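Colleague: Let's see this in three dimensions:
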Amino acid sequence: MIDLDYLQKIARDSQDLPPRARLGLMNPYDRLVLHHVAQSLPNNATILEVGSFLGASAVIMSHACPTAQVYSIDQFDDSEVTQFFL
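Modeller: As a prediction, the model looks like this:
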């Protein structure tokens, strides 16, 4: 069962996400949960994201944990698909 109080809390915590964080394939709930989890990381954490596609999740994690070093790796290169999302 979904805890609505929890969802409201993480929605408030992530309401000022940058527009780039809305790109990609993640639904709004997943973006909020990712933001909340990244906020719980210690200062100066190192985050490695494999398969970043357009980078929305990297933006969310770096926004939620501003002292973290975020590294994103993706070999995907299909400009036709990418143009659809931009």
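
Colleague: Spell out the secondary structure type for D5.
Modeller: helix (DSSP: H, G, I helix; E, B strand; the rest coil).

Colleague: What's the local residue count around L25?
Modeller: 10 (other CB atoms under 10 Å). All C-beta atoms are positioned from the backbone trio N, CA, C, and that covers glycine.

Colleague: Am I right that V70 falls within a helix?
Modeller: No - assigned with three-state DSSP, V70 falls outside any helix and is strand.

Colleague: so what's it bridging to?
Modeller: The partner list for V70 in beta bridges (DSSP bridges) reads I47.

Colleague: Now do the contacts for it.
Modeller: Each residue near V70 by CB atoms under 8 Å, 6 or more residues apart in numbering is listed here: I47, E49, A58, M61, S62.

Colleague: Name the helix or strand for E49, please.
Modeller: Element membership for E49, per DSSP states H and E: strand 46-50.

Colleague: Mean confidence (pLDDT) on that strand, please.
Modeller: Taken as a whole, strand 46-50 has an average pLDDT of 94.

Colleague: For the nearest residue to L34 once chain neighbours are set aside, grab the count of nearby residues.
Modeller: Taking CB to CB, 6 or more residues apart in numbering, and ignoring the residues beside it in sequence, L34 has I60 as its nearest neighbour in space, at 5.2 Å. Here the neighbour count serves as a burial measure; for I60 (other CB under 10 Å) it reads 28.
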